[in-house]
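Q: My questions concern the predicted model and sequence given below.
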Amino acid sequence: MNIHELNYVLCIARHQNMTKAAQELFISQPTLSKHLGKLERELGIKLFSRVDNCYIPTYAGRRYMEYASGVLELTRDWEKELADLRSQNDGELNVAFPLMRSSCMIPRILPAFRRIHPNIRLNFLEETYAIQERLLTDSRIDFAIFSDGSLNPKLEYETLGHEEILLAVSPDHPLARKVRPAACKDSPYPQVDLSELGNEKFILHFPEQNTGAITEQLLKKYGIKPKVPFYTRNTQAALLLVQQNEGICFAPETYIQNMTFRTPPVCFSLHDPDAFTSTIIAYRKGAYLTSYALDFIQISKDYFGGHLNKQ
């Protein structure tokens, strides 16, 4: 095995297409085919079954890729540790975010990180789903940041912060004119009784999203069968529709705080411990973390600690 061969096989498996894999690897398709054929002859086994132009890993191919992924992860960890030992003047971090979370965090985390590590390159990937799986299968990603949910035993997790999911309504909504006292002394938000909102139109996230799953359970808990004009994966779109008084919606506190509104929505607390979510950072178990990677985690925690304390 050599590093090039490992990368070649993993890339072919990822695309299941020789031409696309060659394009990513910046080599010609015939050259890549030649390398694969040579490797299979040396091993005495087929790593892929060819179905038309689709390359499907065989059982032997899947086993090869398990070892290949492990070797590449160890190689990458050694390269990072070696660079860490030599100096702090070079390196990079690849971080995956959900699309909406990235717009909240990146503009604040990046400048703080740059001040400490001006020569370390931060690469951000905006993902829409399956971030944990991407982190496990793509050794190029160092961290993934997402809301808590089902956890994978092959990953390590650290909690960055907790925040409340608020109910947002238009300033023209009747509920906004009947503002109650705050939920508690420490909360800037008035309290609302969700059970009294059964006749409202709700703009909801899809249930497979973290906010969608939490609000679905809350609505069931309070006995509400919501009237839903439509669902959206985009919190910004939901809040802008609320601004137009097209319905009411739920959104994490930091999302609302980071948006710019012509007329801000009126936000309410449900005063319910189930209306909270956590944001976590994940990395592969046993991965070597450079000093600048540890600084990135701390800056991310500081973002939540400082941002949610600003009322």
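A: Received the coordinates, thanks.

Q: Any regions of the stretch 51-200 of the chain where pLDDT drops low?
A: 84-89, 128-129, 179-187 (pLDDT under 70).

Q: Do a quick rundown of the strands in it.
A: Ranges of strands in the stretch 51-200 of the chain, per DSSP state E, counting those that start in this stretch, are 54-57, 92-98, 121-127, 143-147, 155-169.

Q: Just send the ones you listed back as CSV, with distance to residue 215 and mean neighbour count too.
A: C-beta: built from backbone N, CA, C; applies to glycine. Listed next are the strands of the stretch 51-200 of the chain as CSV, based on distance: least, C-beta to C-beta, whole Å; neighbours: other C-beta atoms under 10 Å:
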stretch, distance to residue 215, mean neighbour count
strand 54-57, 40, 16
strand 92-98, 16, 20
strand 121-127, 22, 14
strand 143-147, 13, 21
strand 155-169, 7, 19
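
Q: Compile these into JSON lines and extend it with columns for distance to residue 280.
A: Output for those, formatted as JSON lines (distance: least, C-beta to C-beta, whole Å):
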{"stretch": "strand 54-57", "distance to residue 280": "31"}
{"stretch": "strand 92-98", "distance to residue 280": "12"}
{"stretch": "strand 121-127", "distance to residue 280": "15"}
{"stretch": "strand 143-147", "distance to residue 280": "7"}
{"stretch": "strand 155-169", "distance to residue 280": "5"}
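
Q: tell me which residues form a beta bridge with the closest residue to residue 99 other than its chain neighbours?
A: Excluding the flanking residues, the one nearest residue 99 by C-beta to C-beta, 6 or more residues apart in numbering is residue 126, at 4.9 Å. For residue 126, the beta-bridge partners under DSSP bridges are residue 97.

Q: Based on its surroundings, how many neighbours for residue 198?
A: Residues lying near residue 198 (other C-beta atoms under 10 Å) number 13.

Q: give me phi/psi at it?
A: The phi/psi pair for residue 198 (degrees, to the nearest 10) reads phi -60, psi -20.

Q: what's the closest non-adjacent residue to it?
A: Residue 198 sits nearest to residue 224 (C-beta to C-beta, 6+ apart), 5.0 Å away.

Q: From residue 249, how far out is residue 256?
A: From residue 256 across to residue 249, the span is 10 Å (C-beta to C-beta, to the nearest Å).

Q: sorry, back to before: can you pull the contacts of the residue nearest to residue 198?
A: By C-beta atoms under 8 Å, 6 or more residues apart in numbering, the contact list for residue 224 reads 194-195, 197-198.

Q: I'd like the distance between it and residue 277.
A: 20 Å.

Q: Now list whatever residues contact both of residue 256 and residue 249.
A: With C-beta under 8 Å, 6+ apart, residue 256 and residue 249 have common neighbours 168, 239.

Q: Would you mind telling me which of those two has the busier surroundings?
A: Remark: of residue 256 and residue 249, residue 249 carries more neighbours, 25 against 19, as counted by other C-beta under 10 Å.

Q: the helices in the chain, which residues?
A: Secondary structure of the chain by DSSP state H: the helices cover 3-15, 18-25, 29-43, 59-86, 99-116, 131-137, 210-221, 235-243, 253-257, 291-309.

Q: next one: the first one to chain centre, how far?
A: The chain centroid and the centroid of helix 3-15 are separated by 25 Å under C-alpha atoms, centre = their mean, to the nearest Å.

Q: How about the last one?
A: Per C-alpha atoms, centre = their mean, the displacement of helix 291-309 from the mean C-alpha position of its chain is 16 Å.

Q: top of the contacts of residue 224 by neighbour count?
A: When neighbours are taken as other C-beta under 10 Å, the top entry among the contacts of residue 224 is residue 194 (21 neighbours).

Q: mind listing what that residue touches?
A: 167, 218-219, 222, 224, 270, 272.

Q: Would you quantify the distance from it to residue 215?
A: Distance from residue 194 to residue 215, counting by C-beta to C-beta: 10 Å.

Q: hmm, who's touching stretch 232-242?
A: The contact list for stretch 232-242 (C-beta under 8 Å, 6+ apart) reads 99-100, 103, 128, 168-170, 203-206, 209, 211, 247-249, 251-252, 255-256, 259, 261, 265.

Q: now swap in stretch 104-117 and tell me
A: 88, 97, 120, 122, 124, 145, 254-255, 258, 292, 295-296, 299-300, 302-303, 307.

Q: Dump it to PDB, restricted to CA.
A: Written as PDB, here are the backbone C-alpha positions of stretch 104-117 (Å, rounded to 0.1, in the frame of the first residue of the first chain):
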ATOM      1  CA  CYS A 104     -24.300  32.800  12.800                       C
ATOM      2  CA  MET A 105     -20.900  31.600  13.900                       C
ATOM      3  CA  ILE A 106     -18.300  32.100  11.200                       C
ATOM      4  CA  PRO A 107     -18.400  35.900  11.100                       C
ATOM      5  CA  ARG A 108     -17.600  35.900  14.800                       C
ATOM      6  CA  ILE A 109     -15.300  32.900  15.200                       C
ATOM      7  CA  LEU A 110     -13.000  33.500  12.200                       C
ATOM      8  CA  PRO A 111     -11.800  37.000  13.300                       C
ATOM      9  CA  ALA A 112     -11.100  35.800  16.900                       C
ATOM     10  CA  PHE A 113      -9.200  32.800  15.600                       C
ATOM     11  CA  ARG A 114      -7.200  34.900  13.100                       C
ATOM     12  CA  ARG A 115      -6.000  37.200  15.900                       C
ATOM     13  CA  ILE A 116      -4.400  34.200  17.600                       C
ATOM     14  CA  HIS A 117      -3.300  32.100  14.600                       C
END
